[in-house]
Structures are given as C-alpha cells and as structure tokens.
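*Asks:* when you get a sec, could you give me coordinates for this:
(chains A and B)
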Amino acid sequence: MLKINNLHAQVEDKEILKGINLEMKAGEVHAIMGPNGSGKSTLASVIAGKENFEVTDGSVELEGENLEDISPEERAHKGVFLSFQYPVEIPGVSVTNFMKTAINESRKAKGLEEMPAKDMLKLIRDKSELLEIDRKFLSRSLNEGFSGGEKKRNEIFQMAMLEPKLAILDETDSGLDIDALRIVANGVNKLKSKDNAVLVITHYQRLLDYIVPDFVHVLHNGKIVKSGGKELALELEEKGYDWLKNEATV
Amino acid sequence: MELKDKLVSSFMAFENNVDVEHSVHDIRTEAIKNFETKGFPTKKEEAWKYTSLNSIRKIDFSIFPKTESTLEYKDVKKYFLHEIDTYKIVFVDGIYSSYLSETTHDGVDICLMSSALTKEMYKPVIDVYFNKVASKDESLTTLNTAFSREGAYIYIPKNKMPKKPIEILHFATGNEASLMLQPRNLVIVEENAEVQIIERHQSLTENNVLTNEVTEVFAADNAIVDIYKVQNDNAGASLIDNTYIDQKGKSVVKVHTFSFGGKLTRNNLNFYQNGEYIDSIMKGVTILGEKQHVDHHTLVHHIEPNCESHQDYKGIYGESSTGVFNGKIIVDKIAQKTNAFQQNNNILISDKATINTKPQLEIFADDVKCSHGCTIGQLDEDALFYLQSRGIPLKEARALLMYAFANNVLESVRIPELKSRINKLIANKLGVSLGFDL
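*Replies:* Just a heads-up that it's a prediction; the model follows:
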C-alpha cells in the first residue's frame, strides 16, 4: 500500500526528515510515536503532499506509484486521507456543502457523474450516525467554533465519507476526552478493512488501546529509531522516550 | 474643452429646459457657482488621494443625450431582479422609460424626480427635503445638484410599506460615444415605514459612461430602509455614487454595496444620526480584476447619544486592480454610549493589486465603544492545503475560500432572490462554478 524509501524532507533549509523507511501493507495498522519535534506531523504532511515541505531525497509510493509531483488533491483522489492535528476553520461553508464538494470533485476526477442528492443525503446520514454526530452539527460552518473533540470527530466523519485507502491520523487523540476518544476509535475500527491501511501518529499510547496497531515505530530526530509490535507502545508509555534517545546516539 | 468648462457652459442650455422660477432653481444656481469655484477634486485633496479623475476629465462627454433611445425588455431582462415582482423606475440614457418602468401612487409614491421637482403638489415636500442632507460644499455633489432634474422619487408615508421592493435601473445604450449622467434621487421614509431599494447602473456597450449620482435618504423615527447597490457595470463605465442619509430616532438603515464591475467607482456614503437609538449598517463586497478601481469613502456622524454603527467591508483584489477604503467616524461630545464598529478585510490575489485602507476616528465623547480593524492578506495556505487534501482542486479551493471570506456580508441581504443573484455574480467574478449557493 505505502512504501517510503529513505525519505528526506526539509522546510526552509532545515532538514526535518532524515531518511525514513516504512512499508505498510493493505489491512495493516501502523503507529508512529515519538517526542515533540521528532518529525511526526511533517511526515504526515509530506505524505499528503503539502508543498512547503521540500523532499530532497527518497520517495513515497502509493500502490507502487511514486507520488512525487502529485498535487494534494490528486493524492486525495488516489485514496490518501490526512486527519489533521489542527483542522482549519472555514466560516461560511457548512460541513455538508464541504463534503458534497469534496466527494463530487473526487468523482469528477475519476470521470464519474456527480453523486445524486438522495444518495449523498443517505451517505451523510449513515456516516454521521457512525460517529454519533448530531444532524444540526452538519449545517454549521466547517470547524468554526467547534470544540477540540468536535473537530476531531468531524475529521473522522470526513474519512468515513471519503473512504480512503490510506488514512493518516495525525494526533487525532489530542484534545479528546475519553468518551470522544472511544467514539472516534470505534469509527476508525469500523472503517478498517483488508483493503485499506491506517497510519496512527501519536505522542501517547492511550489511543492505541482502542485502535490496536500491528506495528509500532518510534520516530526520533527525523528517523525511525525502533520498530516493534504493539507491546513497544506500552514500553514507551512506561519508560518515556529518553532511553531511546540514548540508544539512538549510541 | 475641459469637462469642467463644458459642464459650466452647458448650464445655460440646461436652464432653457427647466422652470427657473421654481425655488429649486435657486439651489441649482448656488450649486453651479460652488462647482465653478471648486472644479473636479484632484489627488492633492486628502479625500481623493488614491483616486484620480484626470483621465475621465479628458473625455468629451455628451452632457445631454441627442436622441431618445428605446430598449426591448427581453434584451435587458437579465439586469432586472425578474425572479420576483418589483416596482421599477428605469432610465435609458438618463431619460425615463415608462415602457420599462412600473411606478405607483397607491398609498406610496414611487415615481420620478422630474415630477416631484415640477408639480405643485410635491412642492411642500421638496421644500422640506430637497438638498437638505446632501453636501452644499463637496464639488461633485454640487455639480449633481446644479443639474438635478431627473431620477427616482420615493415617498413612503407613516406606517406604510410598499408591496414589493423597488428597482432603480439606469441603462446606457452606447448610442453616444461618451455619455455623462447625473441622476438625482430622493427617498423619504416616514415614521414607522419601511422600504427596500435595489440600484443598478448598466452600460450595454464598452463606450464611456460617467455617472455622477446623488441620493438623499430621510429615515424618520422607527423607519427601516434597505438599500442594495449592485455595481457590476461594463469596462467603459465609471460611477461616482454620493449617498447622504439622515436618520431619526430608532431608525435602521442598511446599505449593501456590491462592487464587481466598472472602470472606476467612487462610493461616498454618508450617515448622519439625528436622533437616539439609531442603527446605521454598511456592508460591502468588492471583487476586482484587470485595472478596475473602487474607492469606498464612508462617513458616520454620531450626533446624538445611544446610537450604533456597523461597517463591514470585504475586498478581493486581483490582477492590477486597486481598492480604497476610508472609513470616517465622528462621535460628537454629546453622543455618549455610542457603539461604532468598523471592519475592512482584504485579500490580494495578485502581486500587482493594491489596497489602501484607512480608518479615521474623531471621538469627542468619553463613554463610547469604538473599534476598527483592517487586514490585508493572501489566502491562508493551511486552509488551501486542508481543502486540497480532501480532493478539492486548487482553483476551486481558492474560490471556496474567497466565497467563504465574502459570505458573512451576504447574510444580511433580506431578499433571497437577490442574495442568490449576488452569489452567482461572485461565482462568475471568481471564474468558477460551485455546486451550491452559500
């Protein structure tokens, strides 16, 4: 599904990713953990195609296709989805209108007709129930005045609507209380299938109790310094990141 | 000949066609003297620092159209808000078109300035209101006053409301290579009465048109007045729109200005609050491209206590367009408990576009709330990336953000069909079609 080879990326001459290697197969859940400033969010943005990060070496491949020079919207059409750590507020555009536009643009890119209004409404209804989202919420302006929890739930709602092949969840657990965390995790688990893959980026192990990863990678200073199974997350929770930093310098 | 000289010498010809015995003519005579002394404003004056009339002054405008032109409704239907029923006061090359108009005297007067300025029955009203709030000093206003003869006359008596909105439309046919128009409007809304007015100037060719318009609005106690200015004219058209509004206690006057078209547009929008608990609301959406120029000059004079004013102007400037926003708020010493808010937000989408924005606050009272803010920015890169990451292409993402930026100004448009029209004009101007209206 996703293959990252020796990925180097920088922003304004500052190298942030210093040779990342990662391979994810369909049906897998991977977690990337690491201290603040280790490059986690940069990795997420680079995979989604944010242009102010310059890839200086290496590559990102989705289903064997190199994503270099492919715009963020085309990546979305190919099935990449990023759940933002800080979703942007867009006053004046309702959640519903936003999703209609997003879905129909993707369909247009694939040469499909616009989705009939009836089907769209049903899809919105089904997916909002999955995330336990109130109907009224959908007519509000996108993310404007949403609580932290509402924003994150809205991100996963969008993921449910767009049904991506590769979902990257960037710090989706931050700002969530335990109930919201459970709803969000439950939503992600229901969307998981043998045909898609999920990359969970998190600072804490908490979310991984609910979205259980097949692999855990530790990112430090722009590199993956350790990989393991789900038990690695628990070990990190217990010991913190310092022992790894030491190990990495050795 | 310089335009000023041509205008001054045309005044004599003009006098041959109006009743020089009418008291209004004394006002005209005073006005032409003022204009003759002052002439056109130049960039040396602070209020005209960013707007030059030099190129306009060199054009040889016809002051009076030589021939009367007619238009077929089907050819100009699209410029009317034809989705709903409206009263219509329509002028073609400055001359009233009874064929395209729908006026009324049924409980309210929605008719012509030329009648009001000549017929005896209107004289008491004209004596009380004509040229009472318009400036007797500002040169372009006095120029209009000097040539005042035709325009819209709207009189809504106490407790009345016309059955439908009123459209005032000015068409320029292009039969003259260069035509100057000077409509003069008078709107009187008595106590507890209400009116909705839509104004539009439309040139049908690329020929030069210069409109120097003056509108006086009198809103009595508890009156509600909504004015929508749709400025989406052709590339050869320039507009100087001078609006003077006199408000009495508890009246609410809202002016929306949608500036998308034209070559040069200058809006002088002046509010005078002569009463307590007044609300004055000014909203603007400006979207420009090419070498278009729009200058919004607003004035709110808080003369009495306990009043409010709200200004919200948004601008999107592309290509080599230029914009000006100058918002002056005066709060007199007696005008305690004034709430005056002013906001001007701009997005520049081209390196060559310019905006000059200036709040001008003169506050002499000590117990007031006044706020002003202006921003000039580009589209938010993070917001663009967010939309793109959901599969929305860059061009549509930009349009969506610009739409969203302008949206809250449309919220207060109370005629849904007009709102939907403005939405479409915005979409056209931004060069995209979105799958929904905001």
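*Asks:* thought residue A:55 was touching residue A:11?
*Replies:* No - assessed by C-beta atoms under 8 Å, residue A:55 is found out of contact with residue A:11, at 10.9 Å. (Each C-beta comes from the backbone N, C-alpha and C, glycine too.)
*Asks:* what sits against the closest residue to chain A within the stretch 201-350 of chain B?
*Replies:* Chain A sits closest to residue B:314 of the stretch 201-350 of chain B, with a gap of 10.9 Å, by C-beta to the nearest C-beta. If you count contacts by C-beta atoms under 8 Å, 6 or more residues apart in numbering or on different chains, residue B:314 has them with B:284, B:285, B:286, B:344, B:345, B:346, B:405, B:406, B:409.
*Asks:* that one pairs with what?
*Replies:* Here residue B:314 sits in beta bridges with residue B:285, residue B:345, as judged by DSSP bridges.
*Asks:* model confidence at it, what's the number?
*Replies:* As predicted, residue B:314 sits at a pLDDT of 96.
*Asks:* swap in the one 5 residues further on?
*Replies:* We have a pLDDT of 93 for residue B:319.
*Asks:* please tell me how far it sits from residue A:244.
*Replies:* Applying C-beta to C-beta, to the nearest Å, the value for residue B:319 to residue A:244 is 54 Å.
*Asks:* who has more neighbours out of the two?
*Replies:* Each of residue B:319 and residue A:244 has its neighbours counted (other C-beta atoms under 10 Å in any protein chain shown); residue A:244 has more, 21 against 14.
*Asks:* quick one: residue B:122 and residue B:115 touch, right?
*Replies:* Yes - with contact defined as C-beta under 8 Å, residue B:122 counts as touching residue B:115 (6.8 Å).
*Asks:* which neighbours do the two share?
*Replies:* Contact with both residue B:122 and residue B:115 is made by residues residue B:153, according to C-beta under 8 Å, 6+ apart.
*Asks:* if you count what's nearby, which of these two comes out ahead?
*Replies:* Using other C-beta under 10 Å as the criterion, residue B:122 and residue B:115 rank with residue B:122 on top: 19 against 16.
*Asks:* run through the helices of the chain in chain order.
*Replies:* Using chain A. Assignment of helices within chain A using DSSP state H yields the ranges A:40-48, A:72-77, A:95-109, A:117-130, A:135-138, A:148-162, A:178-191, A:231-239, A:242-249.
*Asks:* that's the other chain; I wanted chain B
*Replies:* Secondary structure of chain B by DSSP H: the helices cover B:3-15, B:23-38, B:54-57, B:73-76, B:113-118, B:123-129, B:139-146, B:381-388, B:394-410, B:416-430.
*Asks:* please identify the deepest-packed of those.
*Replies:* helix B:139-146 (a mean of 25; mean count of other C-beta atoms under 10 Å in any protein chain shown).
*Asks:* just checking, what packs against that one?
*Replies:* Packing contacts for helix B:139-146, counted by 3 or more C-beta pairs under 8 Å, 6 or more residues apart in numbering or on different chains; DSSP states H and E, involve helix B:3-15, helix B:23-38, strand B:208-219, strand B:237-247.
*Asks:* so which elements touch the longest one?
*Replies:* In terms of contacts (3+ C-beta pairs under 8 Å, 6+ apart), helix B:23-38 is packed against helix B:3-15, helix B:123-129, helix B:139-146.
*Asks:* now render these as JSON lines, adding distance to residue B:221 and mean pLDDT.
*Replies:* What follows is those, written out as JSON lines (distance: least, C-beta to C-beta, whole Å; pLDDT from 0 to 100):
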{"stretch": "helix B:3-15", "distance to residue B:221": "37", "mean pLDDT": "94"}
{"stretch": "helix B:123-129", "distance to residue B:221": "16", "mean pLDDT": "97"}
{"stretch": "helix B:139-146", "distance to residue B:221": "26", "mean pLDDT": "98"}
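*Asks:* quick check: the residue of chain B nearest chain A.
*Replies:* Minimum separation of chain B from chain A (C-beta to the nearest C-beta) falls at residue B:407, amounting to 3.2 Å.
*Asks:* so how far is stretch B:336-343 off the chain centroid?
*Replies:* 22 Å (C-alpha atoms, centre = their mean, to the nearest Å).
*Asks:* how about that stretch: buried residues?
*Replies:* Neighbour-count burial for stretch B:336-343, counted by 16 or more other C-beta atoms under 10 Å in any protein chain shown, picks out B:338, B:340, B:341, B:342, B:343.
*Asks:* pull the CA atoms of it into PDB?
*Replies:* C-alpha atoms of stretch B:336-343 as PDB (Å, rounded to 0.1, in the frame of the first residue of the first chain):
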ATOM      1  CA  GLN B 336     -22.300  59.200  24.800                       C
ATOM      2  CA  LYS B 337     -22.900  55.500  24.800                       C
ATOM      3  CA  THR B 338     -22.100  55.300  21.100                       C
ATOM      4  CA  ASN B 339     -21.200  51.900  19.700                       C
ATOM      5  CA  ALA B 340     -19.300  52.300  16.400                       C
ATOM      6  CA  PHE B 341     -17.700  49.300  14.700                       C
ATOM      7  CA  GLN B 342     -15.700  49.200  11.600                       C
ATOM      8  CA  GLN B 343     -14.100  46.300   9.800                       C
END
